[in-house]
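predicted model and sequence follow; I will ask about them next.
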Amino acid sequence: MIITVTMNPAIDRTIEIADFTVGKVNRIETSKIDVGGKGINVSKVIQELGGHSMATGFVGGATGEEIKKHLKDKGIQFKFIDVAEETRTNIKMVDSLKGIQTDFNESGAPVAEKNIVALKKCIEELCNPGDLVIIAGSTPCNVNHDIYLELTQLIKNKGGKVLLDADANYLMEGIKATPFLIKPNLEELQRAIGTTLEGVEAIAKAGKDIVKRGITHVVISMGEEGALFIREEGTIWAQGIQVPVGSTVGAGDAMVAAMAYGLEQEYDYEKLVRLSMAAGTAAVMTKGTESAAREKIIEIEKQVQLISL
């Protein structure tokens, strides 16, 4: 089974404005509402690819109920911890003329300690040996940076494999528990290690250094430059594909989803890399945080070019 953990889900409102100007009245051209949060985004893409997952995390208030209704309508299973605090709402502003996206993300309200305990118990009960557990995104504002380390240890003790997609201190703390896979983007990796990386070779070396810590897969997304897929056996550079940009939100989540789905289906490694890169590229072409159509992902998969480093 694939389990996704989203400690800080959201309702994402994506608006389009042509030629956004600071300090002026700007007219919204289009507006789109999606349920989001990195783990939930992963569950949506897995569903689109033909797989199944169980989503968990914290939800609260009217926005939390809307998230549950959306997932139920989609046929995605979930077992959330209900909290008193209202689930956050994020604004994604896309300048359709300049092709620039700006995000306005709420931090996420604090949660009670009893809720954190309940989530750990929920994950422990859901997880069985061999399960893939995606831990992704930010956390409520009062949660300690070592929470992903604790969850990774808990899941490994149950025989599960952790796919971690987090930023900065959450990423570095999580790495200490040697998850099965990590997927930072380049900016997140640089923040985590405190060093600017210039060029693909330097980025690949940083990824290889992390693999030496016992992590099986390191996937580093690099925007238009594509992504590096690094493991002990070698490094593959999946070249970036030029596509029209609908929204950059959820591209990394789509890559993680495809990795999880492909691992569960026991795809060979090159197919796994191609599917992951194609899912991320298709997500860029899609407005909002809705998942791209499976047909589009399969079409792009044929175009992915791989270079062994």
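Okay, I see it.

who are the contact partners of Thr63?
Each residue near Thr63 by C-beta atoms under 8 Å, 6 or more residues apart in numbering is listed here: Ala10, Ile11, Glu86, Thr87, Arg88, Thr89. C-beta: built from backbone N, CA, C; applies to glycine.

would you say it is within a helix?
Yes. Thr63: assigned to a helix according to DSSP: H, G, I helix; E, B strand; the rest coil.

setting the sequence-adjacent residues aside, check what's closest to it.
Thr87 (4.0 Å; C-beta to C-beta, 6 or more residues apart in numbering).

thought that neighbour was touching Lys68?
No. Applying C-beta atoms under 8 Å, one finds Thr87 not in contact with Lys68, separated by 10.0 Å.

okay, and the common contacts of the two?
Counting by C-beta under 8 Å, 6+ apart, the residues touching both Thr87 and Lys68 are Val59.

neighbour count winner among the two?
Thr87 (27 against 17; other C-beta atoms under 10 Å).

give me the buried positions along stretch 77-96.
By neighbour count on 16 or more other C-beta atoms under 10 Å, the buried set for stretch 77-96 is 77-78, 80-81, 83, 85, 87-90, 92-95.

among those residues, which lie within strands?
Using DSSP state E, the subset of the buried residues of stretch 77-96 located in strands is Gln77, Phe78, Ile81, Val83, Arg88, Thr89, Asn90, Lys92, Met93, Val94, Asp95.

got a list of what the first one touches?
Going back to what we said before, that points to Gln77. Counting by C-beta under 8 Å, 6+ apart, Gln77 has contacts His52, Ser53, Met54, Ala55, Leu71.

can you tell me which of those are buried?
Ser53, Met54, Ala55, Leu71.

secondary structure element for the second one?
Read it as Met54. Element membership for Met54, per DSSP states H and E: strand 53-60.

what mean pLDDT does that strand have?
Model confidence over strand 53-60, given as mean pLDDT, is 97.

swap in stretch 101-120?
Stretch 101-120 comes out at a mean pLDDT of 92.

wait, isn't Gln47 in contact with Gly75?
Yes. Here Gln47 reaches Gly75: they are 6.9 Å apart, a contact under C-beta under 8 Å.

more crowded one of these two?
Taking other C-beta under 10 Å, Gln47 and Gly75 do not tie; Gln47 has more neighbours (21 against 8).

and Glu85, how far is that from Gly60?
5 Å (C-beta to C-beta, to the nearest Å).

tell me the secondary structure at Leu164.
strand.

OK, contacts around it?
Per C-beta under 8 Å, 6+ apart, neighbours of Leu164: Ile134, Ile135, Ala136, Tyr148, Thr152, Leu171, Gly174, Ile175, Pro179, Leu181, Ile182, Lys183.

now the helices for the chain?
38-49, 61-74, 113-126, 147-157, 168-175, 186-193, 200-211, 251-264, 269-284, 294-301 (DSSP state H).

so what's the spatially most central residue of the chain scoring on pLDDT?
Centroid-nearest residue in the chain: Asp253, 3.0 Å away (criterion: C-alpha atoms, centre = their mean). As predicted, Asp253 sits at a pLDDT of 94.

give the residue spans of the stretch 151-300 of the chain that score low on pLDDT.
Scanning the stretch 151-300 of the chain for pLDDT under 70 picks out 247, 288-289.
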